[in-house]
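> give me a model of this one.
(chains A, B, C and D)
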Protein chains: 2
Amino acid sequence: MKEGLPQVSASPTLEDVARAAGVSRATVSRVINGIRNVDPAIQETVRQAIAVTGYVPNQAARSLVTRRTGAIALVVSGAGGDSAENPFPSQVFADPFFGRVAAGTVGFLRPLGIHPVLMFADTAESRTQIVAYLRQGNADGAVLVSTHAEDPLPKLLVDASLPTVLFARPARPIPISYVDVAHRTGAQLAADHLVTRGCRRVATISGPLDVPASQDRLAGFQDAMAVHGHPYIPVAEGNFTVSSGEAAMERLMAEHPDVDGVFAANDLMAQGALLVLRHHGRRVPDDVAMVGFDDSSAALACRPPLTTVRHPVEDMAAEMVRLLLLHIEEPGLAATSRIFQPTLVVRESA
Amino acid sequence: MKEGLPQVSASPTLEDVARAAGVSRATVSRVINGIRNVDPAIQETVRQAIAVTGYVPNQAARSLVTRRTGAIALVVSGAGGDSAENPFPSQVFADPFFGRVAAGTVGFLRPLGIHPVLMFADTAESRTQIVAYLRQGNADGAVLVSTHAEDPLPKLLVDASLPTVLFARPARPIPISYVDVAHRTGAQLAADHLVTRGCRRVATISGPLDVPASQDRLAGFQDAMAVHGHPYIPVAEGNFTVSSGEAAMERLMAEHPDVDGVFAANDLMAQGALLVLRHHGRRVPDDVAMVGFDDSSAALACRPPLTTVRHPVEDMAAEMVRLLLLHIEEPGLAATSRIFQPTLVVRESA
DNA sequence: GTGAAAGCGCTAACAC
DNA sequence: GTGTTAGCGCTTTCAC
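Below you'll find the predicted structure:
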């Protein structure tokens, strides 16, 4: 063992650093936390002592006194009743939409040195568990992306006064911040595009009408078409799945066989509709033009590739996290919302 | 305020519960941690006191003394040099493969009440940050899914003696546990299938040959074909991307225009190869049969849908986490590995 | 500008 | 079986 060199202990503490630097714990703490009022010379000494000892602050000890963990939860809330079904929440995490949210979240948080805790809620039990987890102080707050309308989790979190921000406007009005996309504007983009390319008999496949996003996309589409002189638009309701899109398209074709343009409220339903059109010998986009929504990976997988409305998901996720950090910083902050503008991605289907 | 009822404080501590139950902190702690040697009657009293006070243990205080956080890190390690490129790691998280790993991880961890911390490493800086984060005791260990061969992170983690388990065998032998799929067996499945369906002039598109998985898939394919009486198999190396698959297929066709069966070391390259075959007027599977590897979403998006080798990714991820928990429990545990058997998913391309 | 000292809430010896 | 007590490593008044 070399003499004269400070001992490098297995897990050095503030005390060790203080001793090595010949100062008190308090001073080392000040240097680490960037508090001024510390003599520059001593600062330097302390820094060297930190380097020499290989000191790393203990987060638990820190949290205990600051009552902050510096962690946040990224909660994915899927549908689900009171019992667990599939052991693995595969479909949810494999959804590229989730991937984009995760990317936006991590992208924003990483430079700040903070990392999201991934949680999945689909049962009453898991929701309780998540609230408990947050209350234990494992994270300072949560961002929540919910895939279904009547999710009770947002309210649970608000009631527990846990800082929370949602990815979309909640179905019921509760005092909570959220980010969202301008669904109506997106639908209008679709309507304008269909009209511009000459469609005269346009229909739409909506999402489930108890979901705010579906309502907005439908209303936005109807309004925009009305402006273009089409006061009545046939509607078939789906539930955002491929097969519901197929069924909806079948209904539409039965009642309006001459349809020449369709706006589907998401890409998956558009994909289903495309299948049905092909089966009926309709060419896309020549006979029928199709516009989807989301610009999910399904849009590219479709034949022909889908013209679709794209949200800036990563940016939205980043903003969601930024809002959460604000709320954590300032507990009294009133709920706000930030709405992002979608864009139309033109491919071959329309 | 009602009299006689215990005071429900904002954030009750063990002390509050102890007072409400008329016992000591230690006893409450024992009940909470399920330690026997506590009188059943008292246990009940304590439970009620916990319910009445709404007590939730403070994780930071607990971690401080147990030196365990009960958290683990899920690290996604992408390629990347010393500088950040894209602010958002979209492509990585949007990859359905990552989604399946996340699903398997969360599926296993959730019943245990533990949640993974999501981290992304792509630069030297982010790797340092991750090691520091773990050393601060924000998590007890890490599972790591690495997308490139020469990832320095596994070694960094091992050197810091942080419990770690990898999703795939590391390129260089380091003493670390991992789960993996039997690449050779998978390749053999592909070979057998191609031979069975009557292919006589078979070639393969390999992955980058510095990656162990690529080496194994190639070797396994060559060996299996040799057994079937085909000692020489043309090889074109790709790098797991669609365009590299296209280039490889072009090369193969230039040198072996009569090829009638191809095994691509992943689905993306198979997809690229399919494009090239169509462009050259070859029908799949009639003129040329194609088998991929991974059963990624690309396999379904291909025209025709791809016959491919599927790993049990969720199960592998669950096992990876189970191993990590074991290592955390027993720090001295020697590194082990668990190899999973792949299956062949037969679709239309072969 | 710096140090001393008092906890943050919990677990784990160790007594009884 | 239960209570007492001593910290875990850190931040943060409060003196000096």
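> close to DNA strand C: what parts of chain A are there?
Contact residues, chain A versus DNA strand C (C-beta under 7 Å from any atom of the strand): A:22-27, A:30, A:37-39, A:42, A:61, A:64-65. Just so you know, the C-beta spots here come from the backbone N, C-alpha and C atoms, and that holds for glycine as well.
> could you confirm residue A:339 falls within a strand?
Yes: with DSSP: H, G, I helix; E, B strand; the rest coil as the criterion, residue A:339 is located in a strand.
> my guess is it contacts residue A:181. True?
Yes: Residue A:339 lies in contact with residue A:181 (C-beta atoms under 8 Å); the separation is 7.0 Å.
> now the helices for chain A?
Secondary structure of chain A by DSSP state H: the helices cover A:14-21, A:25-32, A:40-53, A:59-66, A:90-94, A:96-109, A:124-135, A:153-159, A:183-196, A:212-227, A:242-255, A:267-279, A:297-301, A:313-329.
> now the ones you listed as a markdown table including mean pLDDT?
Below are those laid out as a markdown table (pLDDT from 0 to 100):
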| stretch | mean pLDDT |
| --- | --- |
| helix A:14-21 | 90 |
| helix A:25-32 | 91 |
| helix A:40-53 | 90 |
| helix A:59-66 | 92 |
| helix A:90-94 | 74 |
| helix A:96-109 | 90 |
| helix A:124-135 | 91 |
| helix A:153-159 | 93 |
| helix A:183-196 | 98 |
| helix A:212-227 | 96 |
| helix A:242-255 | 94 |
| helix A:267-279 | 90 |
| helix A:297-301 | 75 |
| helix A:313-329 | 95 |
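> so between residue A:339 and residue A:181, which is more surrounded?
Between residue A:339 and residue A:181, counted using other C-beta atoms under 10 Å in any protein chain shown, residue A:181 has the larger neighbour count: 25 against 14.
> ignoring the adjacent residues along the chain, who's closest to that one?
Using C-beta to C-beta, 6 or more residues apart in numbering or on different chains and skipping residues adjacent in sequence, the residue nearest residue A:181 is residue A:311, 4.2 Å away.
> how near is the one you found to residue B:335?
Distance of residue A:311 to residue B:335, computed by C-beta to C-beta, to the nearest Å: 44 Å.
> same thing with residue A:326?
Applying C-beta to C-beta to residue A:326 and residue B:335 gives a distance of 44 Å.
> again with residue A:273
Distance, residue A:273 to residue B:335, by C-beta to C-beta: 52 Å.
> neighbour count winner among the two?
residue A:273 (32 against 15).
> residue A:265: neighbour count?
For residue A:265, the neighbour count with other C-beta under 10 Å is 35.
> now the one 10 residues further on
The burial metric for residue A:275, expressed as a neighbour count using other C-beta under 10 Å, is 17.
> that one against residue A:246, yeah?
Yes: counting by C-beta under 8 Å, residue A:275 does reach residue A:246; the two are 5.8 Å apart.
> closest point of the stretch 251-350 of chain A to DNA strand D, which residue?
residue A:329 (13.7 Å; C-beta to the nearest atom of the strand).
> for DNA strand D, what are the nearby residues on the stretch 51-200 of chain A?
Near DNA strand D, when you scan the stretch 51-200 of chain A using C-beta under 7 Å from any atom of the strand, you find A:55, A:57-58, A:61-62, A:64-66.
> what about burial for those residues, which qualify?
Listed as buried from those are A:55, A:57-58, A:61-62, A:64; burial here means 16 or more other C-beta atoms under 10 Å in any protein chain shown.
> any chance of those in CSV, with distance to residue A:239 too?
Formatted as CSV, those follow (distance: C-beta to C-beta, whole Å):
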residue, distance to residue A:239
A:55, 55
A:57, 49
A:58, 49
A:61, 50
A:62, 47
A:64, 47
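> which of these lies closest to residue A:114?
Nearest to residue A:114 out of these is residue A:62 (C-beta to C-beta; 13.5 Å).
> and residue A:199, what does it touch?
Counting by C-beta atoms under 8 Å, 6 or more residues apart in numbering or on different chains, residue A:199 touches A:260-261, A:289.
> which residue ranges make up each domain of chain A?
A:14-66, A:71-180+A:314-340, A:183-310 (automatic domain parsing).
> quick one: end-to-end length of the shortest one, please.
Between the opening and closing residues of domain A:14-66 there is a gap of 16 Å (C-alpha to C-alpha, to the nearest Å).
> anything in that domain near chain B?
Yes: counting by C-beta under 8 Å from any C-beta of the partner chain, chain B is contacted by domain A:14-66 at A:56-61, A:63-64.
> check those residues and tell me the two furthest apart.
Taking C-beta to C-beta, no two of these sit farther apart than A:56 and A:64, at 16.4 Å.
> so how many other residues sit close to whichever residue of the stretch 201-350 of chain A sits closest to DNA strand C?
Nearest to DNA strand C, among the residues of the stretch 201-350 of chain A, is residue A:331, at 16.3 Å (C-beta to the nearest atom of the strand). Neighbour count of residue A:331, defined by other C-beta under 10 Å: 9.
> you'd agree it is up against residue A:163?
Yes: if you go by C-beta under 8 Å, residue A:331 and residue A:163 touch, sitting 7.2 Å apart.
> endpoints of stretch A:14-34, how far apart?
Distance across stretch A:14-34, first residue to last, is 15 Å (C-alpha to C-alpha).
> so what touches that stretch?
A:6-7, A:9, A:37-38, A:42-43, A:45-50, A:52-53, A:55, A:57.
> repeat for stretch A:319-335
With C-beta under 8 Å, 6+ apart, stretch A:319-335 has contacts from A:68, A:72, A:104-105, A:108-109, A:112, A:140-143, A:163-167, A:175-179, A:336, A:338, A:340.
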